[in-house]
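1. after the sequence you'll find the predicted model.
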Amino acid sequence: MNAASSETIRADVWVWAVRLFPTRSAATKACKAGHIKVNGDTAKPAQLVRCGDTVRALTAGGERIVVVTGR
C-alpha cells in the first residue's frame with residue numbers, strides 16, 4: 001500500500017463514516033444525485049477526499065458543510 005492511498009478515502013464512504021447519512025447506500029445515492037460536493041465540485045461516489053477538503057452535503061436536515069481533518 002502506498003502513502004497516497006492511506007491518506008485518501010472515497011467520498012461516499014467518508015460522508016457515511018462521519019454520519020452525514022445513515023447508511024453507505026444512502027451516501028452513494030446522494031453522491032449520484034449530485035447532493036455531495038467536494039471543494040465546490042459535484043462528487044461521484046468514488047471521488048477521493050483528503051485532509052483539508054471541504055465537503056458540502058445536502059441532507060434531510062439541511063445543508064451540512066464539513067472540513068476533512070483526518071481519516
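-> Arrived safely, thanks for sending. Numbering: from 1, shown residues only.

2. any idea which helix or strand comes after the longest helix seen in the chain?
-> Once the chain is assigned using DSSP state H, the helix that runs over the most residues is helix 24-32. Once the chain leaves helix 24-32, the next helix or strand it forms, by DSSP states H and E, is strand 36-38.

3. give me the helices and strands touching that next one, please.
-> For strand 36-38, the packing partners by 3 or more CB pairs under 8 Å, 6 or more residues apart in numbering; DSSP states H and E come out as helix 11-17, strand 54-59. For the C-beta atoms, the positions are set from N, CA and C on the backbone; glycine is no exception.

4. quick one: closest of these to residue 27.
-> helix 11-17 (4.0 Å; CB to CB).

5. now the closest one, how far from the chain's geometric center?
-> For helix 11-17, the distance from its own C-alpha centre to the chain's C-alpha centre is 5 Å (CA atoms, centre = their mean, to the nearest Å).

6. which positions within that helix qualify as buried?
-> 11, 12, 14, 15, 16 (16 or more other CB atoms under 10 Å).

7. picking up where we left off before, out of the helices and strands packed on strand 36-38, which comes closest to residue 35?
-> With respect to residue 35, and counting by CB to CB, the nearest of the helices and strands packed on strand 36-38 is strand 54-59 at 4.1 Å.

8. what comes up buried for that closest one?
-> Going by 16+ other CB under 10 Å, strand 54-59 has these buried residues: 55, 56, 57, 59.

9. pull up the pairing partners for the following helix or strand past that strand, direction included.
-> Once strand 54-59 ends, the next helix or strand along the chain (criterion: DSSP H and E) is strand 62-67. Strand 62-67 has these partner strands in its sheet, going by DSSP bridges: strand 54-59 (antiparallel).

10. dump the strand it pairs with to CSV, restricted to CA.
-> As requested, the backbone C-alpha atoms of strand 54-59 are provided in CSV (Å, rounded to 0.1, in the frame of the first residue of the first chain):
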residue,chain,number,x,y,z
THR,A,54,-14.3,20.9,2.2
VAL,A,55,-17.4,18.7,1.8
ARG,A,56,-20.9,20.1,1.3
ALA,A,57,-23.7,17.6,1.8
LEU,A,58,-27.4,18.2,1.2
THR,A,59,-29.1,16.0,3.8
